[in-house]
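Enquirer: give me a model of this one.
(one chain, ligands or ions: 1)
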Amino acid sequence: MSNAELNKFEDKIARDVKIEPRDWMPEAYRESLIRQISQHAHSEIVGMLPEANWLTRAPSLRRKSILMAKIQDEAGHGLYLYCAAETLGAERQATIYAMLEGKMKYSSIFNYPTRSWADMGMIGWLVDGAAIVNQVALQRTSYGPYARAMVRICKEESFHQRQGYELLTELVKEGNDEQRAMVQDSINRFWWPALMMFGPHDKDSTNTDQSLEWKIKRFGNDELRQKFIDITVPQAEYLGLTIPDPDLKWNEETGHYDHGPIDWQEFKQVVRGYGPCNKDRMNTRRQAQEEGKWVVEAGLAYDAKQRVKKAA
Ligand code: 3HC
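Expert: The predicted structure follows:
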């Protein structure tokens, strides 16, 4: 590395000029991006599983087609993000096997079970709602392909969040007491894991300081989490839901909601692979990888043939 290259890189970061695949970049910047983008992609793909569990049990054709469209969107999000990781030199199959072998992560939230139809609405409203807060910020990330992938993903994410909130509104406003109780049970199970999606407190975060310096991240974990809470609490109140946090209250002074402590032991357990559904999710992904091997092999063979033809 020459000082001139590093100065040029740092100057581009300072001026919010996007770093592109062919630009010189510090190896550590490349590695941090491969780590975050690949884990983001894994989250999109594993995130399809909890919802797929309810596809065959959707209460109407309309609800089934909305859920189908959403799940298909998530597959597309995974594809964009794996492609963005490939621009940094991350080989697709190696990246996927790194997750299957536990060497790469995916979002903890997808290791919780979906026990009722209300969970489909809760995932759309809370999980995609949290993802939107995080991903809108990532539209301004310093790495060009990642920022551009986020623009497309955020547009689709808004549909995901709206359909989830509409589903819950139907249940609580037009449903019966049993359905309202089903929604309350759902938020009781998903509220705290949704807050964990934003990662550990910044003071405990291993990557945030450097990510902020490189403008991979534009805000810290705690700031985005707080933004999500401030947006979501009034929406929960409109639905007549009780958020399972007795310490949650509006703080006139700060202009934010104060909230209770997050159970970081639970978070660590789930991230380490000991959540309620980790084993199921990985077994399903391994089986899909095995059964889909022939598609990858055929695609690679076709690609190799095309390259030979082109070179001739
Ligand atoms: N689940 C699993 N691991 C998590 C996590 C979570 N909720 N939060 C943090 N971690 C991991 C980090 O990956 C890191 O481990 P690593 O160094 O081995 O990668 C460690 O915990 C410490 O966390 P840091 O805060 O230091 O890590 P980051 O700076 O990477 O911040 C992040 C974590 C905020 C998740 C950041 O990686 C990020 O913004 N990623 C992109 C967005 C993303 O991946 N979202 C996941 C959900 S996608 C989704 O919901 C799709 C929707 O359509 C359903």
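
Enquirer: tell me how many other residues crowd residue 60.
Expert: 8 (other C-beta atoms under 10 Å). To be clear about C-beta, it is placed using only N, CA and C from the backbone, and glycine gets the same treatment.

Enquirer: wouldn't residue 263 be in contact with residue 192 here?
Expert: Yes: using C-beta atoms under 8 Å, residue 263 is in contact with residue 192, at 6.5 Å.

Enquirer: which of those two has more residues huddled nearby?
Expert: The neighbour comparison of residue 263 against residue 192 (other C-beta under 10 Å) goes to residue 192, with 20 against 13.

Enquirer: element containing the more buried one, please.
Expert: helix 177-196 (DSSP states H and E).

Enquirer: please save the CA atoms from that helix in PDB.
Expert: Written as PDB, here are the backbone C-alpha positions of helix 177-196 (Å, rounded to 0.1, in the frame of the first residue of the first chain):
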ATOM      1  CA  ASP A 177     -60.800 -11.200  21.300                       C
ATOM      2  CA  GLU A 178     -59.000 -14.400  20.500                       C
ATOM      3  CA  GLN A 179     -57.300 -12.800  17.500                       C
ATOM      4  CA  ARG A 180     -56.400  -9.700  19.500                       C
ATOM      5  CA  ALA A 181     -54.800 -12.000  22.100                       C
ATOM      6  CA  MET A 182     -52.900 -13.800  19.300                       C
ATOM      7  CA  VAL A 183     -51.400 -10.400  18.200                       C
ATOM      8  CA  GLN A 184     -50.500  -9.500  21.800                       C
ATOM      9  CA  ASP A 185     -48.800 -12.900  22.300                       C
ATOM     10  CA  SER A 186     -46.900 -12.300  19.100                       C
ATOM     11  CA  ILE A 187     -45.500  -8.900  20.100                       C
ATOM     12  CA  ASN A 188     -44.600 -10.400  23.500                       C
ATOM     13  CA  ARG A 189     -42.400 -12.900  21.700                       C
ATOM     14  CA  PHE A 190     -40.900 -10.600  19.000                       C
ATOM     15  CA  TRP A 191     -40.400  -7.200  20.600                       C
ATOM     16  CA  TRP A 192     -37.100  -7.800  22.400                       C
ATOM     17  CA  PRO A 193     -35.600 -10.000  19.600                       C
ATOM     18  CA  ALA A 194     -36.400  -7.200  17.200                       C
ATOM     19  CA  LEU A 195     -34.400  -4.700  19.300                       C
ATOM     20  CA  MET A 196     -31.500  -7.200  19.300                       C
END
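
Enquirer: residues contacting it, please?
Expert: Contact with helix 177-196 is made by 108-109, 112, 115-119, 121-123, 126-127, 129-130, 168, 171-172, 225, 228-229, 236, 239-245, 259, 262-263, 266-267, 270, as judged by C-beta atoms under 8 Å, 6 or more residues apart in numbering.

Enquirer: so which of the residues you listed are also by the ligand?
Expert: Applying C-beta under 6 Å from any ligand atom to the contacts of helix 177-196, one finds that 108, 127 fall near the ligand.

Enquirer: let's see which of the contacts of helix 177-196 end up in helices.
Expert: 117-119, 121-122, 129-130, 168, 225, 228-229, 236, 239, 266-267 (DSSP state H).

Enquirer: nearest to residue 2 among the residues you listed?
Expert: Distance ranking of those against residue 2, using C-beta to C-beta, places residue 225 first at 39.7 Å.

Enquirer: excluding chain neighbours, what is closest to the closest one?
Expert: Ranked by C-beta to C-beta, 6 or more residues apart in numbering and with sequence neighbours excluded, the top spatial neighbour of residue 225 is residue 198, at 4.0 Å.

Enquirer: on that earlier part again, now which of the ones in helices among the contacts of helix 177-196 would you call buried?
Expert: By neighbour count, with 16 or more other C-beta atoms under 10 Å, those hold 117-119, 121-122, 129-130, 168, 225, 228-229, 236, 239, 267 as buried.

Enquirer: and which of these is nearest to residue 55?
Expert: residue 117 (11.3 Å).

Enquirer: if I look at that closest one, how far off is residue 157?
Expert: Distance from residue 117 to residue 157, counting by C-beta to C-beta, to the nearest Å: 21 Å.

Enquirer: just residue 51 next, same as before
Expert: Going from residue 51 to residue 157 by C-beta to C-beta gives 14 Å.
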